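*Asks:* Below is the sequence, then the predicted model.
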Amino acid sequence: MTGTATPPGDHNASPASGAAGGQGSSATGAGVHDVGNAGPASPPPHGAAKRVPHITEFDADAPQHAAAPVGFAALLSVLGVVYGDIGTSPLYALRSTIEVVTGHHTIQDSEVMGICSLIFWTLIVVVTVKYVMLVMRADHNGEGGILALTSLAQRVVANPKARLALGLTGIAGACLFFGDGVITPAISVLSAIEGVEVSLPGARDFVIPMAIAVIIGLFSVQWLGTGKVGTIFGPVMLLWFGSLGLMGLLEILHHPGVLFALLPTYALMFIIHHGMLSFMALGSVVLCVTGAEALYADMGHFGAQPIRYAWNFFVLPMLVLNYFGQGALIMSDPSALANPFFMLAPHSMQVPLVILATFATVIASQAGISGGFQVCRQLIQLGYLPRMRIVHTNAEEEGQIYLPDFNRFLAVGAILLVIAFRSSDALAAAYGIAVTGTFICTTCLCFVVFRRHFHWSQQAVLATFIPFLIIDTTFFSANALKIPDGGWVPLMLGCVLTLMMTTWKRGRSLIIARQGQDSLPMGSFIARLPQSRTIRVPGMAVFLTATPEFVPPCLLHNLKHNKVLHDHVLFVTIENLDQPEADRGHRVAVEELAHDMYRVILRYGFMETPNIPRALMELKANGVDFDPLQASYFISRELVTRSSIPKMARWRLSLFLFMARNATPATEFFRIPMDRVVELGVKVAI
């Protein structure tokens, strides 16, 4: 049973803010986690324990980086996970773009050629040049993604205000990524099932119920894990891309003139002749590159080379063939505008194509969901979200995780979007804002990384990334016109999530600062211990603390109420690093403060999930006799109240307390056995 000294009725205590230091504790003071407390860490007050000259560091759970796999199997895996989102864009991208033009007049062949050319060069410039050739070079210990890029940028910047700005940029990009994760299942599944209307017009009334059923089924199997759910992803996506290319190629053979759209002059002429209309069309053209961020985000799973090879030699050619095939079909048969993708297939193959498209869109959604799980865990580790339950679905793969609470959030959001918008065309307006907003954040961070980390000259950085920033901003501005029609969804979601993250970060920083003011310095406690009359009892006590230089409040409360101290004492602090994984040999640092009394620092990157008992098992290698069956874990459970001089607005404190009440207990998050835990209530006023 869990012993608890918390006063009865203490429901406002924060189960996620236990003294383990997991929220907001930093090893460097420079990572994404600077938002909300951008100042440098304060030096320990006079009397705090001084570190001995030699601190033993070793690795309790060193990450093993295998070389990136090569060959057909690796490319098949990349197809199944990385390219699902961008691979399903032909379902709606070209159709949505042409509908912008046909809303004003009948489509002309030259306009179809111009749109095909715009899509082709968007794929080349945004995906091939920006992401595949440039952004993927900026890996952080082999990991990619917006938060890894943010962390890399902050490491090379010393100014606290600059780190704060970079942190906010990364958080904004992550929030928009969550918006993308909600919208992707809704628009992808809807666009696939809408193909039923081509062969069975009477099935229109069943599209929404069928889409909701598919989405519910998709999110219901997430607990199985990406490994099991994804066993058929690669072969299905290989068949999908092969079908895309084959359908497009057959139509191009009948109208080979469409290949002239490969020339950029058609795109330029379309923009020049159509002015504002072409600007509006760009808001839909950008849909062809949804999922481009996945190339970078999934780099840590597969390595850069398989992702590059798959794109350059298979995915890009198949996509171009399909887009141009749709364009050729529309020029020869304007009635195909109703759904050019499905009309590329013979009538007898349209229903099987709908089934294949549904599988492909489920896979596309799975990639976004898995990426959302990873980003959510990173934000938890960086201290921007309260602890959530994390289930590891594979005993051998650290990256295969499942977050039940976040999964429910995505499922409910996707279903609400399907019910509210009722068509993929209507949802396209919301999709573009999320995608282009993330593009802008990535480009802004690249200015810093390529200048400071790769030591490019200022002229080279400006000449390279200013054009990309102009392109990204143009796409974002074009989608901003759609804010009243649905673009407000990701913007609202991003603002709400940013507010929640900064509130949690600020609240945790205030709690840690307050505990530092009220706590006894460790040096004073150690010095007084021999003269005290404290009774020592057999056993080992593990005290979790966020402030290693001070005595944990739970220890003081234990002495106050029980009047005893164990023979062996460990003060354990979790340090969240601003890097994906802890460096080999630097996972654990142990320092002897007194006889049989140790300070232990456990370091984890934002791509890892802490496991305190497993890490402490490695202390035996350093001469510390740790027995997990005999250890008792002491955790502070804070009762947060409003101080006489509050540091947070009342509404913001209410939001913080709401998040704290719904957070996962520290014992579950850190994988501590419940029958070995003692919680003691501590009142904290902020």
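*Replies:* Nice, I can see it. Owing to the predicted nature of the structure, the values given are computational and were not obtained by experimental measurement.
*Asks:* ok, and for the host helix or strand of residue 162, which residues are buried?
*Replies:* According to DSSP states H and E, residue 162 maps onto helix 160-193. The neighbour-count check on helix 160-193 (16 or more other C-beta atoms under 10 Å) flags 163-193 as buried. Using the backbone N, CA and C atoms, a C-beta is placed for each residue, glycine as well.
*Asks:* Distance check, the nearest residue to residue 507 once chain neighbours are set aside against residue 605.
*Replies:* Spatial nearest neighbour of residue 507, chain neighbours left out: residue 656 (3.9 Å); criterion: C-beta to C-beta, 6 or more residues apart in numbering. Residue 656 is 26 Å from residue 605, where distance means C-beta to C-beta, to the nearest Å.
*Asks:* try residue 489
*Replies:* Counting by C-beta to C-beta, the gap from residue 489 to residue 605 is 32 Å.
*Asks:* before we move on, what about residue 265?
*Replies:* Separation of residue 265 from residue 605 (C-beta to C-beta) stands at 48 Å.
*Asks:* Looking at these two, which is more packed in?
*Replies:* Each of residue 265 and residue 605 has its neighbours counted (other C-beta atoms under 10 Å); residue 605 has more, 25 against 12.
*Asks:* quick one: contacts for the closest residue to the more buried one other than its chain neighbours?
*Replies:* Among residues not flanking residue 605 along the chain, residue 581 sits closest, at 4.0 Å (C-beta to C-beta, 6+ apart). Contact partners of residue 581, counting by C-beta atoms under 8 Å, 6 or more residues apart in numbering, are 63, 141, 143, 605, 607-608.
*Asks:* what mean pLDDT does stretch 273-288 have?
*Replies:* Stretch 273-288 comes out with an average pLDDT of 90.
*Asks:* I would like the residues contacting that stretch, please.
*Replies:* The contact list for stretch 273-288 (C-beta under 8 Å, 6+ apart) reads 86, 89-90, 92-94, 96-97, 99-101, 104, 111, 114-115, 118-119, 122-123, 270-271, 319, 323, 428-429, 431-432, 435-436, 474-475, 477-479, 481-482.
*Asks:* and those residues, which are buried?
*Replies:* Buried members of the contacts of stretch 273-288, counted by 16+ other C-beta under 10 Å: 86, 89-90, 92-94, 96-97, 99-101, 111, 114-115, 118-119, 122-123, 270-271, 319, 323, 428-429, 431-432, 435-436, 475, 478-479, 481-482.
*Asks:* about what we covered before: now, the contacts of stretch 273-288 that are in helices?
*Replies:* Among the contacts of stretch 273-288, the residues falling in helices (DSSP state H) are 86, 93-94, 96-97, 99-101, 111, 114-115, 118-119, 122, 270-271, 319, 323, 428-429, 431-432, 435-436, 474-475, 477-479.
*Asks:* Please enumerate the strands of this protein.
*Replies:* Ranges of strands in the chain, per DSSP state E, are 3-4, 13-14, 56-58, 391-392, 401-402, 535-544, 564-576, 588-594, 597-604, 631-641, 677-685.
*Asks:* These: which one's closest to residue 444?
*Replies:* strand 564-576 (24.0 Å; C-beta to C-beta).
*Asks:* Please identify the buried residues of that closest one?
*Replies:* Buried-residue list, strand 564-576, by 16+ other C-beta under 10 Å: 565-566, 568-576.
*Asks:* Next: stretch 267-276.
*Replies:* For stretch 267-276, burial by neighbour count (16+ other C-beta under 10 Å) applies to 267, 269-271, 274.
*Asks:* Please enumerate the helices of the stretch 451-600 of the chain.
*Replies:* Along the stretch 451-600 of the chain, the stretches classed as helices by DSSP state H, counting those that start in this stretch are 458-480, 488-518, 522-528, 553-562.
*Asks:* so which of these is the most packed in?
*Replies:* When the helices of the stretch 451-600 of the chain are scored by mean count of other C-beta atoms under 10 Å, the highest mean neighbour count falls to helix 488-518 (a mean of 19).
*Asks:* tell me what that one is packed against?
*Replies:* If you count contacts as 3 or more C-beta pairs under 8 Å, 6 or more residues apart in numbering; DSSP states H and E, helix 488-518 packs onto helix 160-193, helix 424-448, strand 631-641, helix 650-661, strand 677-685.
*Asks:* Could you point out which of the ones you listed sits nearest residue 515?
*Replies:* Closest among those, using C-beta to C-beta: strand 677-685, at 6.7 Å.
*Asks:* The residue nearest to residue 507 touches residue 502, doesn't it?
*Replies:* No. Taking contacts as C-beta atoms under 8 Å, residue 656 lies outside contact range of residue 502: 10.5 Å.
*Asks:* Give the burial count for the closest residue to residue 405 other than its chain neighbours, as a bare number.
*Replies:* Spatially, and ignoring its direct neighbours in sequence, residue 405 is nearest to residue 388 (5.1 Å; C-beta to C-beta, 6+ apart). By the other C-beta under 10 Å criterion, the neighbourhood of residue 388 contains 21 residues.
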